[in-house]
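>>> Just the structure for this:
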Amino acid sequence: MRPHLEKAEQSLRSAELLLGAGDLDGAVNRAYYACYDAARGTLEAVEGVDTREIKSHAGLIRLFNLRIVKQGLMPLATGRLIGREEQLHLFADYGDGVHERAEAELAVEQEKQFVAACLSLIKIQGKETKEQ
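Model (predicted):
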C-alpha cells in the first residue's frame, strides 16, 4: 500500500481511539488528516500527481475536486466530505473546539466513508501497487 494511504488508515484508527477517550478535538483532527492523506494517495495513484508540489491543503482539496470528483470518478457528496472535514478541523484546532460528541462522531464516520471511497477508487482503477 502507498505511504499516504497507510497514513490515512493510521489516522482513522487514531481518530477512533481519541473519540473513545473523549478527545473530540483530537478525533476531528485525525479524521481530517485521514481524509487529507487519502486524497493525496488517490491523486498520486489514480492521476499520477506528485503531491509534494502542492503547497497548501486548500490546493490539494481543489485539485482533488478537479481531477477526481469533477471527472466523475467519485460521487460529489463523497468528494465534499473532505471540505467539511477541513472546516471542522480548523474549528477544532484553531477555534473554540468541538463541544458536541455527535459532531465528532459524524466526522469520524464520514472520514471512514471518504477513506473507503478513495481505496475503492484506487482498486477499481487498478492502481493498487506498492511504492518503492
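
>>> quick one: which helix or strand includes the residue nearest the centre of the chain?
The chain has residue 35 as the residue nearest its centroid, 0.5 Å off, counting by CA atoms, centre = their mean. Per DSSP states H and E, residue 35 falls inside helix 24-47.

>>> per-residue confidence averaged over that helix?
Mean per-residue pLDDT for helix 24-47: 96.

>>> what helices or strands is that helix leaning on?
helix 3-20, helix 57-64, helix 81-94, helix 101-124 (3 or more CB pairs under 8 Å, 6 or more residues apart in numbering; DSSP states H and E). Yep, even glycine has a C-beta here, placed from its N, CA and C like the rest.

>>> Of those helices, which is nearest residue 42?
helix 101-124 (4.4 Å; CB to CB).

>>> Could you name the helices and strands sitting against that closest one?
Judged by 3+ CB pairs under 8 Å, 6+ apart, helix 101-124 is in contact with helix 3-20, helix 24-47, helix 76-79, helix 81-94.

>>> Return the longest one as CSV; C-alpha atoms alone will do.
What follows is helix 24-47, C-alpha atoms only, in CSV (Å, rounded to 0.1, in the frame of the first residue of the first chain):
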residue,chain,number,x,y,z
LEU,A,24,-13.3,15.4,20.5
ASP,A,25,-10.8,17.9,19.0
GLY,A,26,-8.1,15.2,18.6
ALA,A,27,-10.6,12.9,16.9
VAL,A,28,-11.7,15.6,14.5
ASN,A,29,-8.0,16.5,13.7
ARG,A,30,-7.1,12.9,12.9
ALA,A,31,-10.4,12.4,10.9
TYR,A,32,-9.3,15.4,8.7
TYR,A,33,-5.8,14.1,8.2
ALA,A,34,-7.1,10.7,7.3
CYS,A,35,-9.1,12.4,4.5
TYR,A,36,-6.2,14.6,3.5
ASP,A,37,-3.8,11.7,3.2
ALA,A,38,-6.4,9.5,1.4
ALA,A,39,-6.9,12.4,-1.1
ARG,A,40,-3.1,12.7,-1.6
GLY,A,41,-2.8,8.9,-2.1
THR,A,42,-5.7,8.9,-4.6
LEU,A,43,-4.3,11.8,-6.6
GLU,A,44,-0.9,10.1,-6.8
ALA,A,45,-2.3,6.6,-7.6
VAL,A,46,-5.1,7.5,-10.0
GLU,A,47,-3.9,10.7,-11.6
